[in-house]
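Novice: return a 3D structure for these sequence lines:
(one chain, ligands or ions: 1)
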Amino acid sequence: MWIQHTVSDYLYQIVLVSTVFFLGRYYIGWRRWSNVPPGPQPLPFLGNIDYFKSNDQLQTFRKLRKIFGDVFSLRFGGNLFIVFNGYEALKEAFVRNGDIFSDRPKTYIMEQISRGRGISGSSGAFWKETRAFTIRALREFGFGKQSMESKLMEEVDAFLAVIGNTNGEPFDIRNTSYTSVSNVICSLIFGRRFEHGDKTFESVLDLLDQNFKLAGQTGILGIFPILRFLPGDLFGAKRLIKNSGKIRKFFLDQIQCHRANFDETNIHDFTDAFLKEQRKHLGDTSTIFTDNNLTTLIGNVFSAGTETTATGIRWAVLYLLHYRDIQDRLRQEIDQVIGRSRMPSISDKQNMPFFEAFIVEVLRHANIAPLALPHGSACDTMFRGFFIPRGSILVPNLDSILNDPKLFSCPETFCPSRFIDDDGKLTGCDKVTAFSVGRRLCPGESLAKMELFLFLTSLIQNFRLLPEDPTCLPSLQGIVGMTKTPKPFKLRAIKL
Ligand code: HEM
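Specialist: Predicted coordinates:
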């Protein structure tokens, strides 16, 4: 009885505190939010909940853009979301106003995982310094440069061997692509790779994949953090945090190994380069070279570099199964420029405009990160005559560019030739902003493009790719979470 009483008191207090907190935030927010960009009429207290419930957020945003224009706002909980649409508005917001619009908003999950450290979730001077160091150090080890090619080709070899072992039987290319592209990142940050089938490595990749899926459903906690006190794990946040802890442990083991064998005269990967800087900054309390920053930073580069590029490979394969004429034309170009007796090289790219057009069209049509990552505003400011309060969540709607009929005719059609002009040269690729725009622009763009080129040319050079069931092609509909991924599918790879 006493316990029952205490529990119900406790629940009553939670409900009361949340209601007061929620109404207070709503009221304070509402008072500050006059003259913000237009948007649909919010419901009392619930805001625009209907627009967040939608199964097809991208379609909803397309409709709202038609009604309210290139910059519109939505309210939910104590948050104001401002969605930027179209090439011009995104350039103006994130390039010309890059000083103000390049923060990351603080959300419950992001804070739990990165605590303002690393590159993807940090802001201000800390982020700038971390990002500058990351790009500089990764370049030193060949990031996105020709010198990276031999490491990449080692992975391509292993990738082809795993696919060859399927002997024309149906298989899912997901795990192989994940292991291959994350090994490219591992060679940069840890100076080592892991075998396909390595149980520890595969379980880390599996946890990472789970977290990308869970990230979509935990978004609600960023809006109503109080919900985290609900019993159980309704939104998957506890699982996500637990998974992150296990992934972190894997990185800590790698860092520990580097620390134990550290030799200042022999710096051969990103972790070594960080540890070297850390030694120079001992005793400096404002330094970015802390243990926590290293672990979070490695986690950011590892996850951002794995999920997106592996997803890009899977989308490309799916298009190749659907458009067999395109697969044949790509193979013809490979035959003309590379032949079958040697492996592709990055220097072949300049002589293969159709292949490049194919990759650009995959990035456009697949729309892997349709809403990029949310940005934050560093201060109150005005944009196109509207008030943008500090703390608003800014959404760079990349989908609004990649599917803009004014930039790409019949955007829903998959058509690499749209990027080839009458002289057979590449054209119009610069509007494909799949890697975002402005100061937060993806630092992995050149590496991702190199990987897509080398993995896909090698795959088409060696195998004819066929659907598992020729009478029923796998769906081209994506699953939209943090990234847009294809639904699981199988294919057959027939050795040529
Ligand atoms: C097809 C592959 C890829 C796509 C489509 C992609 C796309 C993106 C997008 C849209 C963002 C968010 C930018 C913003 O906040 O406005 C981003 C951020 C980021 N990407 Fe990529 N990316 C890809 C591959 C890679 C690779 C290979 C790496 C490896 C290093 C990487 C590392 C990062 C990092 C560290 C960030 C956070 C940058 C920051 O917050 O300053 N990405 N990426």
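Novice: for the ligand, what is the nearest residue in the stretch 51-200 of the chain?
Specialist: S120 (4.2 Å; Cβ to the nearest ligand atom). Yep, even glycine has a C-beta here, placed from its N, CA and C like the rest.
Novice: cool, the stretch 351-496 of the chain as well?
Specialist: Taking Cβ to the nearest ligand atom, the stretch 351-496 of the chain has G444 as its residue nearest the ligand, at 2.1 Å.
Novice: for the nearest residue to that residue once chain neighbours are set aside, which residues are in contact?
Specialist: In space, G444 comes closest to G305 once its chain neighbours are excluded; the distance is 5.3 Å by Cβ to Cβ, 6 or more residues apart in numbering. The contact partners of G305, by Cβ atoms under 8 Å, 6 or more residues apart in numbering, come to V181, S182, V184, I185, G444, L447, A448.
Novice: and G305, which of the three is it?
Specialist: With DSSP: H, G, I helix; E, B strand; the rest coil as the basis, G305 sits in helix.
Novice: one step back: ok, now how distant is the residue of the stretch 51-200 of the chain closest to the ligand from G299?
Specialist: Separation of S120 from G299 (Cβ to Cβ, to the nearest Å) stands at 9 Å.
Novice: shared neighbours, those two?
Specialist: S114.
Novice: for the residue of the stretch 201-350 of the chain found nearest the ligand, give its distance to T265.
Specialist: Using Cβ to the nearest ligand atom, G305 is the residue of the stretch 201-350 of the chain that sits closest to the ligand, at 2.9 Å. Distance, G305 to T265, by Cβ to Cβ: 28 Å.
Novice: kindly report the same for E154.
Specialist: 26 Å.
Novice: and those two? which has more neighbours close in?
Specialist: E154 (15 against 4; other Cβ atoms under 10 Å).
Novice: other residues contacting the helix or strand where that one lies?
Specialist: Assigned by DSSP states H and E, E154 belongs to helix 149-164. For helix 149-164, the external contacting residues (Cβ under 8 Å, 6+ apart) are 142, 171, 173, 176-177, 180-181, 183-184, 187-188, 193, 195-196, 343, 345-346, 450-451, 454-455, 458-459, 462-463, 493, 495.
Novice: give me the three-state assignment for the residue lying closest to W127 once chain neighbours are set aside.
Specialist: Take W127 and drop its neighbours on the chain: the residue closest to it by Cβ to Cβ, 6+ apart is I119, 6.7 Å away. Assigned with three-state DSSP, I119 falls in the coil class.
Novice: my read: I119 touches I298, true?
Specialist: No: I119 is beyond contact range of I298, at 10.1 Å (criterion: Cβ atoms under 8 Å).
Novice: do you know the pLDDT at K495?
Specialist: What the model reports as pLDDT for K495 is 96.
Novice: same thing with V20?
Specialist: Reported pLDDT for V20: 54.
Novice: if we ignore the residues flanking it in sequence, what's nearest D70?
Specialist: A89 is the one closest to D70 (Cβ to Cβ, 6+ apart), at 4.1 Å.
Novice: can you confirm the one you found is in a strand?
Specialist: No: going by three-state DSSP, the assignment for A89 is helix, not a strand.
Novice: tell me how many other residues crowd the residue nearest to W127.
Specialist: Every residue meeting other Cβ under 10 Å relative to I119 is counted, giving 24.
Novice: go on, the one 5 residues further on?
Specialist: Around G124 there are 12 other residues, counting by other Cβ under 10 Å.
Novice: contacting residues around the nearest residue to it once chain neighbours are set aside?
Specialist: Excluding the flanking residues, the one nearest G124 by Cβ to Cβ, 6+ apart is D103, at 6.8 Å. Contact partners of D103, counting by Cβ under 8 Å, 6+ apart, are S123, G124, W127, H375, G376, S377, A378.
Novice: now render the residues you listed as JSON lines, adding distance to the ligand, pLDDT and secondary structure.
Specialist: Converted to JSON lines, the contacts of D103 look like this (distance: Cβ to the nearest ligand atom, whole Å; pLDDT from 0 to 100; DSSP: H, G, I helix; E, B strand; the rest coil):
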{"residue": "S123", "distance to the ligand": "9", "pLDDT": "95", "secondary structure": "coil"}
{"residue": "G124", "distance to the ligand": "12", "pLDDT": "95", "secondary structure": "helix"}
{"residue": "W127", "distance to the ligand": "7", "pLDDT": "96", "secondary structure": "helix"}
{"residue": "H375", "distance to the ligand": "6", "pLDDT": "96", "secondary structure": "strand"}
{"residue": "G376", "distance to the ligand": "10", "pLDDT": "95", "secondary structure": "strand"}
{"residue": "S377", "distance to the ligand": "14", "pLDDT": "95", "secondary structure": "coil"}
{"residue": "A378", "distance to the ligand": "14", "pLDDT": "94", "secondary structure": "coil"}
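Novice: now the two most distant members of the residues you listed.
Specialist: W127 and S377 (14.5 Å; Cβ to Cβ).
Novice: next one: phi and psi at C442?
Specialist: The phi/psi pair for C442 (degrees, to the nearest 10) reads phi -60, psi 120.
Novice: correct me, but it touches S436?
Specialist: Yes: under the criterion of Cβ under 8 Å, C442 makes contact with S436 at 5.9 Å.
Novice: which residues are there in the chain that come within reach of the ligand?
Specialist: Residues of the chain that fall close to the ligand, judged by Cβ under 6 Å from any ligand atom: 119-120, 131, 300-301, 304-305, 308-309, 312, 368-369, 372-373, 396, 434-436, 440, 442-444, 447-448.
Novice: could you list which of those residues belong to strands?
Specialist: P396 (DSSP state E).
Novice: between C442 and S436, who's got more neighbours?
Specialist: Using other Cβ under 10 Å as the criterion, C442 and S436 rank with S436 on top: 20 against 17.
Novice: measure that one to E356 for me?
Specialist: Where E356 is concerned, S436 sits at a distance of 20 Å (Cβ to Cβ).
Novice: same check on D209?
Specialist: 29 Å.
Novice: what does D263 give?
Specialist: Taken as Cβ to Cβ, the span from D263 to E356 is 41 Å.
Novice: what's around the spatially closest residue to E451 that is not a sequence neighbour, how many residues?
Specialist: Leaving out its chain neighbours, the residue that sits closest to E451 by Cβ to Cβ, 6+ apart is T309, at 5.3 Å. Here the number of neighbours of T309 (other Cβ under 10 Å) works out to 26.
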